[in-house]
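Colleague: The following comprises the amino acid sequence and a computationally predicted model.
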Amino acid sequence: MSSTASPATRPVRGGIDGLVRAAHAGPALAVTVLAGLLAVAQDLPAGRAALVVAAVLTGQLTVGWSNDLIDQGRDRSAGRSDKPLATGAVPVRMVQACCAVAVVCCVALSLACGVAAGLVHLTCVAAAWAYNLRLKSTVWSWVPYAVAFGLLTVFVALADEARPPWWWPVGAALLGVGAHLLNVLPDLDDDASTGVRGLPHVLGPRRIAPIAATVLVAATVVVLVGAAPATLVVVPSAAVVLALALVVVAGSGRRPFVAAIGIALVDAALLVVAR
(Lines give C-alpha, C1' and ligand atoms only; values in the text may rest on other atoms or scores of the structure.)
Protein backbone atom coordinates (compact mmCIF):
# COMPACT_ATOMS: atom_id res chain seq x y z
CA MET A 1 0.00 0.00 0.00
CA SER A 2 1.21 3.51 -0.77
CA SER A 3 1.93 5.77 2.21
CA THR A 4 1.23 8.89 0.18
CA ALA A 5 -1.57 10.97 1.69
CA SER A 6 -4.78 11.13 -0.31
CA PRO A 7 -5.92 14.47 -1.77
CA ALA A 8 -8.73 14.54 0.82
CA THR A 9 -6.35 14.33 3.79
CA ARG A 10 -3.76 16.81 2.52
CA PRO A 11 -5.82 19.96 3.33
CA VAL A 12 -6.45 18.63 6.85
CA ARG A 13 -2.77 17.91 7.46
CA GLY A 14 -1.83 21.24 5.93
CA GLY A 15 -4.33 23.01 8.16
CA ILE A 16 -3.00 21.34 11.30
CA ASP A 17 0.58 22.13 10.32
CA GLY A 18 -0.41 25.74 9.68
CA LEU A 19 -2.16 25.97 13.04
CA VAL A 20 0.93 24.66 14.83
CA ARG A 21 3.23 27.10 13.06
CA ALA A 22 0.86 30.03 13.61
CA ALA A 23 0.85 29.22 17.33
CA HIS A 24 4.63 29.81 17.50
CA ALA A 25 5.00 26.24 18.73
CA GLY A 26 8.67 26.47 19.77
CA PRO A 27 8.39 29.38 22.22
CA ALA A 28 4.98 28.16 23.41
CA LEU A 29 6.40 24.74 24.25
CA ALA A 30 9.46 26.26 25.94
CA VAL A 31 7.36 28.45 28.24
CA THR A 32 5.05 25.51 29.02
CA VAL A 33 8.02 23.28 29.92
CA LEU A 34 9.40 26.08 32.08
CA ALA A 35 6.08 26.25 33.93
CA GLY A 36 6.12 22.49 34.41
CA LEU A 37 9.62 22.59 35.90
CA LEU A 38 8.58 25.39 38.24
CA ALA A 39 5.59 23.27 39.30
CA VAL A 40 7.99 20.43 40.15
CA ALA A 41 10.19 22.85 42.10
CA GLN A 42 7.12 24.00 44.03
CA ASP A 43 6.25 20.34 44.82
CA LEU A 44 2.76 20.77 43.44
CA PRO A 45 0.51 17.69 43.53
CA ALA A 46 0.27 15.96 40.14
CA GLY A 47 -3.30 17.12 39.50
CA ARG A 48 -2.58 20.75 40.34
CA ALA A 49 0.64 20.68 38.31
CA ALA A 50 -1.31 19.36 35.31
CA LEU A 51 -3.77 22.25 35.66
CA VAL A 52 -0.90 24.75 35.77
CA VAL A 53 0.74 23.29 32.67
CA ALA A 54 -2.57 23.14 30.79
CA ALA A 55 -3.39 26.75 31.69
CA VAL A 56 0.02 27.95 30.53
CA LEU A 57 -0.17 25.94 27.30
CA THR A 58 -3.59 27.31 26.36
CA GLY A 59 -2.45 30.81 27.26
CA GLN A 60 0.59 30.47 25.02
CA LEU A 61 -1.61 29.23 22.17
CA THR A 62 -3.74 32.37 22.43
CA VAL A 63 -0.61 34.53 22.38
CA GLY A 64 0.84 32.85 19.30
CA TRP A 65 -2.38 32.75 17.32
CA SER A 66 -3.35 36.33 18.21
CA ASN A 67 0.10 37.49 17.15
CA ASP A 68 -0.22 36.03 13.67
CA LEU A 69 -3.84 37.18 13.33
CA ILE A 70 -2.91 40.75 14.23
CA ASP A 71 0.23 40.75 12.06
CA GLN A 72 -1.11 38.95 9.01
CA GLY A 73 -1.27 42.17 6.97
CA ARG A 74 2.29 43.14 7.93
CA ASP A 75 3.55 39.62 7.31
CA ARG A 76 1.94 39.55 3.88
CA SER A 77 3.48 42.92 2.98
CA ALA A 78 6.90 41.72 4.13
CA GLY A 79 6.59 38.52 2.10
CA ARG A 80 6.92 36.28 5.16
CA SER A 81 6.79 32.79 3.65
CA ASP A 82 7.15 31.28 7.16
CA LYS A 83 3.82 32.71 8.26
CA PRO A 84 0.92 30.39 7.32
CA LEU A 85 -1.75 33.10 7.60
CA ALA A 86 0.22 35.39 5.30
CA THR A 87 0.65 32.66 2.70
CA GLY A 88 -2.90 31.33 2.97
CA ALA A 89 -1.69 27.93 4.21
CA VAL A 90 -4.34 27.99 6.93
CA PRO A 91 -7.77 29.73 6.87
CA VAL A 92 -8.10 32.86 8.97
CA ARG A 93 -11.43 31.70 10.40
CA MET A 94 -9.88 28.45 11.58
CA VAL A 95 -7.18 30.30 13.52
CA GLN A 96 -9.75 32.74 14.91
CA ALA A 97 -11.96 29.88 16.11
CA CYS A 98 -9.06 28.00 17.68
CA CYS A 99 -7.82 31.16 19.38
CA ALA A 100 -11.29 31.83 20.83
CA VAL A 101 -11.53 28.29 22.19
CA ALA A 102 -8.04 28.58 23.67
CA VAL A 103 -9.01 31.84 25.41
CA VAL A 104 -12.03 30.19 27.05
CA CYS A 105 -9.95 27.18 28.11
CA CYS A 106 -7.17 29.42 29.44
CA VAL A 107 -9.59 31.41 31.63
CA ALA A 108 -11.24 28.26 32.98
CA LEU A 109 -8.00 26.38 33.64
CA SER A 110 -6.31 29.41 35.21
CA LEU A 111 -9.14 30.05 37.66
CA ALA A 112 -9.27 26.33 38.46
CA CYS A 113 -5.81 26.82 40.00
CA GLY A 114 -7.35 29.30 42.47
CA VAL A 115 -8.78 32.77 42.00
CA ALA A 116 -5.63 34.65 42.99
CA ALA A 117 -3.38 32.35 40.97
CA GLY A 118 -5.73 32.47 38.01
CA LEU A 119 -5.88 36.26 37.96
CA VAL A 120 -2.09 36.44 38.06
CA HIS A 121 -1.79 34.06 35.12
CA LEU A 122 -4.43 35.92 33.13
CA THR A 123 -2.38 39.08 33.78
CA CYS A 124 0.59 37.27 32.22
CA VAL A 125 -1.47 36.46 29.14
CA ALA A 126 -2.90 39.98 29.00
CA ALA A 127 0.63 41.41 29.05
CA ALA A 128 1.55 39.22 26.08
CA TRP A 129 -1.56 40.34 24.21
CA ALA A 130 -0.68 43.97 24.98
CA TYR A 131 2.67 43.31 23.31
CA ASN A 132 0.94 41.89 20.24
CA LEU A 133 -1.58 44.72 20.01
CA ARG A 134 0.63 47.75 20.55
CA LEU A 135 3.71 47.61 22.77
CA LYS A 136 5.84 45.64 20.30
CA SER A 137 6.10 48.85 18.27
CA THR A 138 7.35 51.00 21.17
CA VAL A 139 10.48 51.27 23.31
CA TRP A 140 8.42 49.61 26.05
CA SER A 141 8.35 46.34 24.12
CA TRP A 142 10.41 44.64 26.85
CA VAL A 143 7.89 45.35 29.62
CA PRO A 144 5.31 42.67 28.68
CA TYR A 145 8.06 40.04 28.62
CA ALA A 146 9.37 41.08 32.03
CA VAL A 147 5.86 41.12 33.49
CA ALA A 148 4.71 37.84 31.90
CA PHE A 149 7.84 35.84 32.77
CA GLY A 150 8.11 37.29 36.26
CA LEU A 151 4.45 36.72 37.13
CA LEU A 152 4.56 33.19 35.72
CA THR A 153 6.60 32.16 38.76
CA VAL A 154 4.12 33.91 41.05
CA PHE A 155 1.27 32.01 39.37
CA VAL A 156 2.94 28.66 40.01
CA ALA A 157 3.58 29.48 43.66
CA LEU A 158 0.07 30.81 44.25
CA ALA A 159 -1.34 27.63 42.71
CA ASP A 160 0.12 26.00 45.84
CA GLU A 161 -1.18 28.86 48.04
CA ALA A 162 2.40 29.93 48.68
CA ARG A 163 4.64 32.89 47.96
CA PRO A 164 7.53 32.47 45.53
CA PRO A 165 11.11 33.04 46.73
CA TRP A 166 12.35 36.47 45.66
CA TRP A 167 14.70 35.13 43.00
CA TRP A 168 11.91 33.44 41.04
CA PRO A 169 10.17 36.58 39.69
CA VAL A 170 13.40 38.61 39.49
CA GLY A 171 15.33 35.94 37.59
CA ALA A 172 12.38 35.08 35.37
CA ALA A 173 11.77 38.75 34.50
CA LEU A 174 15.40 39.08 33.39
CA LEU A 175 15.06 35.93 31.33
CA GLY A 176 11.98 37.36 29.66
CA VAL A 177 13.77 40.55 28.66
CA GLY A 178 16.69 38.60 27.25
CA ALA A 179 14.39 36.29 25.32
CA HIS A 180 12.55 39.29 23.86
CA LEU A 181 15.73 40.89 22.56
CA LEU A 182 16.83 37.70 20.85
CA ASN A 183 13.41 36.66 19.54
CA VAL A 184 13.17 39.87 17.54
CA LEU A 185 16.74 39.74 16.21
CA PRO A 186 16.12 37.62 13.06
CA ASP A 187 13.10 39.74 12.09
CA LEU A 188 14.55 43.25 12.44
CA ASP A 189 14.49 44.07 8.72
CA ASP A 190 10.98 42.69 8.17
CA ASP A 191 9.69 44.57 11.22
CA ALA A 192 11.30 47.83 10.13
CA SER A 193 9.73 47.57 6.68
CA THR A 194 6.26 47.37 8.24
CA GLY A 195 6.68 50.11 10.85
CA VAL A 196 7.43 48.00 13.93
CA ARG A 197 10.09 49.67 16.06
CA GLY A 198 10.51 48.30 19.56
CA LEU A 199 13.44 48.44 21.96
CA PRO A 200 15.54 45.92 19.96
CA HIS A 201 15.15 48.06 16.84
CA VAL A 202 16.31 51.12 18.76
CA LEU A 203 19.36 49.24 20.07
CA GLY A 204 20.31 47.91 16.64
CA PRO A 205 21.57 44.44 15.62
CA ARG A 206 25.14 44.97 16.89
CA ARG A 207 24.06 45.80 20.43
CA ILE A 208 21.24 43.31 20.88
CA ALA A 209 23.24 40.11 21.35
CA PRO A 210 25.79 41.47 23.88
CA ILE A 211 23.06 43.19 25.91
CA ALA A 212 20.87 40.09 25.82
CA ALA A 213 23.78 37.90 26.91
CA THR A 214 24.46 40.23 29.84
CA VAL A 215 20.81 40.17 30.92
CA LEU A 216 20.60 36.38 30.68
CA VAL A 217 23.79 35.81 32.63
CA ALA A 218 22.47 38.24 35.27
CA ALA A 219 19.33 36.10 35.48
CA THR A 220 21.46 33.03 36.09
CA VAL A 221 23.44 34.82 38.81
CA VAL A 222 20.20 35.78 40.53
CA VAL A 223 19.03 32.15 40.48
CA LEU A 224 22.37 30.82 41.73
CA VAL A 225 22.54 33.37 44.54
CA GLY A 226 18.92 32.88 45.52
CA ALA A 227 18.74 29.11 45.27
CA ALA A 228 22.26 28.55 46.70
CA PRO A 229 22.53 25.00 45.30
CA ALA A 230 25.41 22.65 46.04
CA THR A 231 28.82 23.51 44.57
CA LEU A 232 28.74 20.38 42.39
CA VAL A 233 25.67 21.82 40.68
CA VAL A 234 26.90 25.42 40.45
CA VAL A 235 30.12 24.71 38.53
CA PRO A 236 28.71 22.69 35.60
CA SER A 237 25.61 24.89 35.44
CA ALA A 238 27.71 28.04 35.25
CA ALA A 239 29.89 26.46 32.55
CA VAL A 240 26.86 25.53 30.44
CA VAL A 241 25.34 29.00 30.81
CA LEU A 242 28.58 30.69 29.82
CA ALA A 243 28.84 28.43 26.75
CA LEU A 244 25.25 29.26 25.79
CA ALA A 245 25.96 32.96 26.35
CA LEU A 246 28.77 32.71 23.80
CA VAL A 247 26.27 31.30 21.31
CA VAL A 248 23.98 34.23 22.11
CA VAL A 249 26.76 36.66 21.22
CA ALA A 250 28.37 34.84 18.29
CA GLY A 251 25.45 32.85 16.84
CA SER A 252 23.29 33.78 13.86
CA GLY A 253 19.68 33.32 12.79
CA ARG A 254 17.53 31.64 15.44
CA ARG A 255 20.51 30.12 17.30
CA PRO A 256 20.84 32.98 19.83
CA PHE A 257 17.16 32.66 20.74
CA VAL A 258 17.44 28.88 21.09
CA ALA A 259 20.49 29.40 23.32
CA ALA A 260 18.47 31.86 25.41
CA ILE A 261 15.76 29.25 25.90
CA GLY A 262 18.52 26.84 26.91
CA ILE A 263 19.68 29.24 29.63
CA ALA A 264 16.09 29.57 30.84
CA LEU A 265 15.73 25.80 31.11
CA VAL A 266 19.07 25.50 32.94
CA ASP A 267 17.84 28.04 35.48
CA ALA A 268 14.55 26.18 35.86
CA ALA A 269 16.43 22.92 36.36
CA LEU A 270 18.57 24.61 39.03
CA LEU A 271 15.41 25.51 40.91
CA VAL A 272 14.28 21.89 40.84
CA VAL A 273 17.67 20.64 42.08
CA ALA A 274 17.83 23.30 44.78
CA ARG A 275 14.53 22.09 46.21
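Modeller: Here it is on my side, so go on.
Colleague: which strands and helices sit next to the helix or strand harbouring Ala148?
Modeller: Using DSSP states H and E, Ala148 sits in helix 142-158. Applying 3 or more CB pairs under 8 Å, 6 or more residues apart in numbering; DSSP states H and E, we find helix 142-158 packed against helix 25-41, helix 46-77, helix 115-133, helix 167-184. Any C-beta I mention is one placed from the backbone N, CA and C, and that applies to glycine too.
Colleague: highest average neighbour count across the ones you listed?
Modeller: helix 167-184 (a mean of 25; mean count of other CB atoms under 10 Å).
Colleague: between it and helix 115-133, how many degrees?
Modeller: Relative orientation of helix 167-184 versus helix 115-133 (axes from the mean of the first three to the mean of the last three CA atoms, to 10 degrees): 20 degrees.
Colleague: Need the pLDDT of Val52.
Modeller: Looking at Val52, its pLDDT reads 98.
Colleague: Spit out the contact partners of it.
Modeller: Val52 makes contact with Ala35, Gly36, Ala39, Leu44, Cys113, Phe155, Val156, Ala159, according to CB atoms under 8 Å, 6 or more residues apart in numbering.
Colleague: Report pLDDT for Gly14.
Modeller: 53.
Colleague: Equivalent analysis for Leu29, please.
Modeller: So, for Leu29, pLDDT stands at 92.
Colleague: Would you mind giving both backbone torsions of Trp140?
Modeller: phi -90, psi 20 (degrees, to the nearest 10).
Colleague: How about it: what's its closest non-neighbour residue?
Modeller: Leu199 (7.4 Å; CB to CB, 6 or more residues apart in numbering).
Colleague: sorry, back to before: in the contacts of Val52, find the pair that's most separated.
Modeller: Gly36 and Cys113 (13.6 Å; CB to CB).
Colleague: how close does the nearest residue to Leu85 once chain neighbours are set aside get to Val104?
Modeller: Distances taken as CB to CB, 6+ apart put Gln72 closest to Leu85, at 4.3 Å, once the chain neighbours are dropped. From Gln72 over to Val104 the distance is 22 Å, taken as CB to CB, to the nearest Å.
Colleague: now Arg163
Modeller: 29 Å.
Colleague: before we move on, what about Leu181?
Modeller: 33 Å.
Colleague: Likewise for Arg207?
Modeller: The gap separating Arg207 from Val104 is 41 Å, by CB to CB.
Colleague: quick revisit: ok, the residue nearest to Leu85 touching Lys83?
Modeller: Yes. Between Gln72 and Lys83 there is a contact at 7.3 Å, judged by CB atoms under 8 Å.
Colleague: Could you tell me which residues within the helix or strand hosting Val234 count as buried?
Modeller: Using DSSP H and E, Val234 sits in helix 231-250. Along helix 231-250, these residues count as buried under the neighbour rule (16 or more other CB atoms under 10 Å): Ser237, Ala238, Val241, Leu244, Ala245, Val247, Val248.
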